[in-house]
Structures are given as structure tokens and as C-alpha cells.
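Asks: Let me see the structure of the following:
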Amino acid sequence: MTKLNELVRCIKGNHVYIQMHNYPDQDALASAVGLQALLRYKGIDSIIAYHGIIDKDNTLKMIELLHITLYPVEDLDILTEDEIVIVDAQKGNINVRELRGNEIACIDHHKQQNTDCYRFYDIRSNVGACSSIIASYFFENDIPLSEDVATALVYGQQMDTAHMSRGVSDLDIDMFSPLYKAANLVKLRKFETSSLKRGDLMNYQEAIKNLKICRNIGIADIGKNCPEGIIASVSDFFLTLSELEFVMVYSFRAGGLKFSVRSSNESLDASEIIRQALYGLGDGGGHSDMAAGFIPNITSEKEAESIAQHVEERLILLVQFTSLPSPSYDSSVC
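Replies: Numbers count the residues shown, from 1 in each chain. Presented below is the predicted three-dimensional model:
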């Protein structure tokens, strides 16, 4: 029995909700769209649900050009008996809104957590993009793949693997070629040229101004209310600096502190380090090379500044404890 058939078998009704993590990115959105098409082929209706804000231009362009329909969870009347399938996240994560329904299944590519709550789960932490797992369901079951769905899935792959250069597995490689051949390349190029708005450059400017370098670590406050996607983009950008092997970028937004973490050193697990740095304050997780975290219930900028300083100190100690000596050392910053 294929994974898709296992999933379908565990669904009791003819309708499910597909839930992404809060503030969904391109891989989460692509995974949800792909799963919706698969379930439709099997005669099961679904609604894609999310919590938070979608504010990155290329994600909005993706929704527009691929005709994706999705709903904020606040607009949905989800009942306790309704069935929910989570994609690109897992129940209990701080970045997953707890809904009234029954989370029966999970498809994800992050580190496996408690799975006792699911009837079905397919969690592959070695895979670079959740889109690759969803794509494999199409090919394993000989299900037709529309151009729009292929475009979404290959874009999800590209964004979560930094264009197939980060955390790439054999599955990502195997799925990329057929997806790319079936995708609309004109739309893909439009997504690529919609990555930034003029106003986003101010966030880059703020991050560059605030960048602190301590040995192989780069840390920056990107400014208040920075869009989720830009926080991640800036952390990717800083990791291109030859002096840096580990980066943390953060912003005070939506009632808390949002962190984005990147690592290019195999001995520095970004997911584990941010989890430990936020212990007792919030929660963090992700992959060994890219992760994120959030500290909720912060009511003022002054409080955010104090907590952020504490997290910075923790993170520097954690990284330096496990990091190899680096030739770059600015003692005035450390």
C-alpha cells in the first residue's frame, strides 16, 4: 500500500482541512496545494487553512498566478469532529495554531516529534522540502499532475532548498526533474522576480547596520514588525558572508520575538541550538542548517530588547561551545 493510500484509508469522512504552519511559506503552500489535488483525485474534498499573515510578495504572486484558494482559520467554523491533515509542520509546534478539529494525519520534513495523536504520519527529516514528499505521492500512484500543481511543488522545492543547494536528499533530486519539466517556467520566473519590495530594502539596511559578528557568529536585529519571509531572507543573505558559519536574525512582531537561524557548519545544528537558546522562553526547531523560533507574549519593545539580549548571550555560548575555532575574531564585539 502506498503512503497516499494509507492516508486516504485513515480519513473517515469525505472532507478534511489541510493545515499549514503559521505564516506559511512557499513549501508549506505548495505541499497543501499538492495534497489537495491528490485528495480530490481520491474523491475527498478539502479546504486549505492557515493562521497568521502572508506578506511576502513572491508567495502572494504564487497564490495569484496558480489560482490557490485558502482561508484564515479565523474565518472557518471548524468542529471538534472535523478531520485535519497537517503539512510541513507537526502538532504541538509553537508555530502551529491549535484548532478545534481532530489532527488525524501529518506529512512533514522536520524532526519527528510525538506521533501518538495521528492515525497516519509520513515524517522524513532527511528530505529538503515537504513538496518533494507530496510530489512522490503523484508518481507512486500514477496520478496526473497539472501544470499549476507542478509549478507550485517545484517552487516549494527551490525555496526550501535554496535552489537545490541546501539539505538536498535523493528524493528531492528525483522529484525535481519531472516537476520542472511539467511546470510553467514563465510563472516560475515571475515568482523569482517578485522576491522583494522597495520597502523590504529598509529591513536589509537595518539588519546590516545592527549586525554583530563574534568569531563565526552573526546576529542582527532586523527592526520591528519585519515580514516573516524577509527575516528568513536576510538570514540567508548573511550566511553568504565568508566570515560567518552561524547566523541569527530576529524581529519584534506580532506580540513576540521571531527568530530565523542558519548554519553552514555541520557541527552546528541550527534546530537544536535555537531550541536550547529559547528554553524556558519560547520554542524553536527546524533543520540542522535552517531553523526558526518564537517567544510569545512580549508586550513592549523594551522587554523585547532585554529578552533578545539574553537569547544572544545564550546562543553565542552554545555555538562557541560546539564550534571549531574560527580565524575571524572581533574581540570588541564578543
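
Asks: what are the pairing partners of the lowest-mean-pLDDT helix or strand in the chain, and which direction each?
Replies: Across the helices and strands of the chain, the lowest-confidence element by mean pLDDT, DSSP states H and E is strand 283-286, at a mean of 88. Strand 283-286 has its sheet partners listed here by DSSP bridges as strand 290-295 (antiparallel).

Asks: what element comes up after the partner strand heading to the C-terminus?
Replies: Going down the chain from strand 290-295, the next helix or strand is helix 301-322, by DSSP states H and E.

Asks: Touching the least confident helix or strand of the chain from outside, list them.
Replies: 93-94, 110-111, 259, 261, 270-271, 274-275, 277-278, 291-294 (Cβ atoms under 8 Å, 6 or more residues apart in numbering). Just so you know, the C-beta spots here come from the backbone N, C-alpha and C atoms, and that holds for glycine as well.

Asks: can you list the weak-confidence ranges in the protein?
Replies: Residues of the chain that meet the criterion pLDDT under 70 lie in 323-334.

Asks: which residue ranges form the helices in it?
Replies: Using DSSP state H, the helices of the chain run over 3-10, 26-41, 57-65, 130-140, 147-160, 170-182, 185-192, 200-210, 228-238, 270-277, 301-322.

Asks: Now do the buried residues in the longest one.
Replies: Think helix 301-322. Within helix 301-322, the residues scored as buried using 16 or more other Cβ atoms under 10 Å are 304, 307, 308, 311, 312, 314, 315, 316, 318, 319, 320.

Asks: now, which of these sits nearest residue 231?
Replies: Using Cβ to Cβ, residue 308 is the member of the buried residues of helix 301-322 that lies nearest residue 231, at 13.1 Å.

Asks: still on that earlier bit, right, and the helices of the chain - which one's nearest residue 250?
Replies: Among the helices of the chain, helix 301-322 comes nearest to residue 250, with 6.0 Å by Cβ to Cβ.

Asks: Please state the offset of the closest one from the chain centre?
Replies: Counting by Cα atoms, centre = their mean, to the nearest Å, helix 301-322 is centred 22 Å from the centre of its parent chain.

Asks: and the angle from that helix to strand 290-295?
Replies: When axes from the mean of the first three to the mean of the last three Cα atoms, to 10 degrees is applied, the directions of helix 301-322 and strand 290-295 differ by 140 degrees.

Asks: Now helix 301-322 - C-alpha only, PDB.
Replies: Only the C-alpha atoms of helix 301-322 are listed here, as PDB (Å, rounded to 0.1, in the frame of the first residue of the first chain):
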ATOM      1  CA  GLU A 301       9.900  47.000  22.800                       C
ATOM      2  CA  LYS A 302      11.900  47.500  26.000                       C
ATOM      3  CA  GLU A 303      11.000  44.000  27.200                       C
ATOM      4  CA  ALA A 304      11.800  42.500  23.700                       C
ATOM      5  CA  GLU A 305      15.200  44.200  23.700                       C
ATOM      6  CA  SER A 306      16.100  42.700  27.100                       C
ATOM      7  CA  ILE A 307      15.000  39.200  26.200                       C
ATOM      8  CA  ALA A 308      16.700  39.400  22.800                       C
ATOM      9  CA  GLN A 309      20.000  40.300  24.600                       C
ATOM     10  CA  HIS A 310      19.600  37.300  26.900                       C
ATOM     11  CA  VAL A 311      19.000  35.000  23.900                       C
ATOM     12  CA  GLU A 312      22.000  36.400  22.100                       C
ATOM     13  CA  GLU A 313      24.300  35.600  25.000                       C
ATOM     14  CA  ARG A 314      22.900  32.100  25.300                       C
ATOM     15  CA  LEU A 315      23.300  31.500  21.600                       C
ATOM     16  CA  ILE A 316      26.900  32.700  21.500                       C
ATOM     17  CA  LEU A 317      27.800  30.400  24.300                       C
ATOM     18  CA  LEU A 318      26.000  27.400  22.700                       C
ATOM     19  CA  VAL A 319      27.700  28.000  19.300                       C
ATOM     20  CA  GLN A 320      31.100  28.600  20.700                       C
ATOM     21  CA  PHE A 321      30.900  25.500  22.900                       C
ATOM     22  CA  THR A 322      30.400  23.300  19.900                       C
END
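
Asks: Many thanks, have a good one.
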